[in-house]
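Engineer: Prediction below, plus the sequence it came from.
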Amino acid sequence: VDRNVEHVGQAFIDSIHEDYEDNPRLYKRMVSGQFGPAVKGYPLFSSLWHEGMHVSKDAIHKNWDPNSPMYRCWDFGFIRPAVVVFQDDLQTGQIRILWSHLGDRILLDAFADNVLHKTRQLFPQAQWIDCCDPAGRQRKDTSDKTSIDILRAKGLKPKFRIYSIEYGLNIIAEQMA
């Protein structure tokens, strides 16, 4: 972007630097012209996200409290199934995301096996509370089992609640702020 000053002006270049200074990944892409993430969709929380505040420079997955429950939150889908592991830090009032995994074109049965193996390694003797997307109750054309049925067959007891999208977005925004 800096090499374009004669075409766009210094004020524009300064504003681009300022807009992306708190997000190194987007700064790399938008300012330096290097490969970086392509953000799809509408970035709902970009104004609340600050890399320095939301990302630890330490490997915090090693600093979990074995006396407090761990949460494993599942999102379903063949193309990109996902799981996020977090724990409430009651002393600081923080939600600490300790590990996450994004699958790639994998059936839930195999994805769950991979996740359970990895979480046993990373968090031995953890007490688990599993949560999931309520869409996991849906039956698919290819199977008589729901995604929740598949997790239950592995001994998990996934919990879910049905809320409006607005309610969920407000909770996320509140926690990020």
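Structural biologist: Looks like it arrived, so ask away. Predicted model, so just to flag it, every value in this text is computed and none were measured. Numbering: from 1, shown residues only.

Engineer: Need phi/psi at the residue most central in space within the chain.
Structural biologist: With distances taken as CA atoms, centre = their mean, the residue of the chain nearest its centroid is Val84 (5.8 Å). Val84 has phi and psi values of phi -130, psi 130 when expressed as degrees, to the nearest 10.

Engineer: Report the beta-bridge partners for it.
Structural biologist: Bridge pairing for Val84 (DSSP bridges) gives the partners Cys73, Ser100.

Engineer: So that it lines up with my notes, have the first residue be 17 from now on.
Structural biologist: Fine by me, first position is 17 from now on; the one you just mentioned is Val100.

Engineer: mind listing what it touches?
Structural biologist: For Val100, the contact set (CB atoms under 8 Å, 6 or more residues apart in numbering) comprises Arg88, Cys89, Ile113, Trp115, Ser116. Every C-beta, even on glycine, is put in place using the N, C-alpha and C of the backbone.

Engineer: The residues you listed, buried ones only, as a ChimeraX selection?
Structural biologist: Selection command for ChimeraX covering only the buried members of those, criterion 16 or more other CB atoms under 10 Å:
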select :88,89,113,115
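
Engineer: wait, which of the contacts of Val100 is closest to Lys78?
Structural biologist: The nearest member of those to Lys78, counting by CB to CB, is Trp115 at 10.5 Å.
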